[in-house]
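[1] Provided below are the primary sequence and the corresponding predicted coordinates.
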Amino acid sequence: MIAKIFNSILMLIAVFMGLKQGWAMFIGKPEMVEMFNKWNFGKTGLTINGAITITSTLLILFPRTFVWGNFLMAAGILLIICLHLLDKDLKGTLIELPFLLLNLVIIYLQHPLAKLNL
């Protein structure tokens, strides 16, 4: 029971962060545009990345699409980590690592409502 509550809190954190960052990419906030421009992402690429991030976040909420949502979100985070590493930006990499680990922990703990057959 405690593990389900803990995982629910972790899921809410991941969903909040995913929606926040996905929306920032989708609408092209200046900080996101600046970060992704150095990796040659255009406005369209940034918008698509934001849409995929938002979609993966929403997929996490449902038990049947939980793993796919986490997989997509982790893949997006891993992409950003790799791009930071290409720039030899260790600080940027270290900032992204906890978010990648958050998705992996959530997958390990599984969806808290999975046994309810929703």
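    Sure, I can see it. Numbers count the residues shown, from 1 in each chain.
[2] going forward, measure contacts between C-alpha atoms and count neighbours the same way
    Will do.
[3] remind me what the biggest helix by length in the chain packs against, helices and strands.
    Taking DSSP state H as the assignment, the helix of the chain that covers the most residues is helix 2-27. Taking 3 or more Cα pairs under 8 Å, 6 or more residues apart in numbering; DSSP states H and E as the contact definition, the neighbouring helices and strands of helix 2-27 are helix 30-37, helix 43-60, helix 90-109.
[4] out of those helices, which comes closest to N7?
    If you check each of the helices and strands packed on helix 2-27 against N7 by Cα to Cα, helix 90-109 wins as the nearest, at 6.3 Å.
[5] export stretch 30-44 to PDB, keeping only CA atoms.
    Extracted as PDB, the C-alpha positions of stretch 30-44 are listed here (Å, rounded to 0.1, in the frame of the first residue of the first chain):
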ATOM      1  CA  PRO A  30      12.800  31.000 -25.500                       C
ATOM      2  CA  GLU A  31      14.800  28.900 -23.100                       C
ATOM      3  CA  MET A  32      13.800  25.700 -25.000                       C
ATOM      4  CA  VAL A  33      14.400  27.300 -28.400                       C
ATOM      5  CA  GLU A  34      17.900  28.400 -27.300                       C
ATOM      6  CA  MET A  35      18.800  25.000 -25.900                       C
ATOM      7  CA  PHE A  36      17.600  23.000 -28.900                       C
ATOM      8  CA  ASN A  37      18.900  25.500 -31.500                       C
ATOM      9  CA  LYS A  38      22.500  24.600 -30.500                       C
ATOM     10  CA  TRP A  39      21.600  21.000 -31.600                       C
ATOM     11  CA  ASN A  40      20.100  22.200 -34.900                       C
ATOM     12  CA  PHE A  41      16.500  21.600 -33.900                       C
ATOM     13  CA  GLY A  42      14.200  23.900 -35.800                       C
ATOM     14  CA  LYS A  43      10.900  25.200 -34.700                       C
ATOM     15  CA  THR A  44       9.100  22.200 -36.200                       C
END
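[6] coming back round to it: pull out the buried positions in the longest helix of the chain.
    Within helix 2-27, the residues scored as buried using 16 or more other Cα atoms under 10 Å are 7-8, 10-11, 14-15, 18-19, 21-26.
[7] and the gap between the residue nearest to the spatial centre of the chain and W39?
    Closest residue to the average C-alpha location of the chain: M73 at 3.7 Å, with Cα atoms, centre = their mean. When distances are taken as Cα to Cα, to the nearest Å, M73 and W39 turn out to be 19 Å apart.
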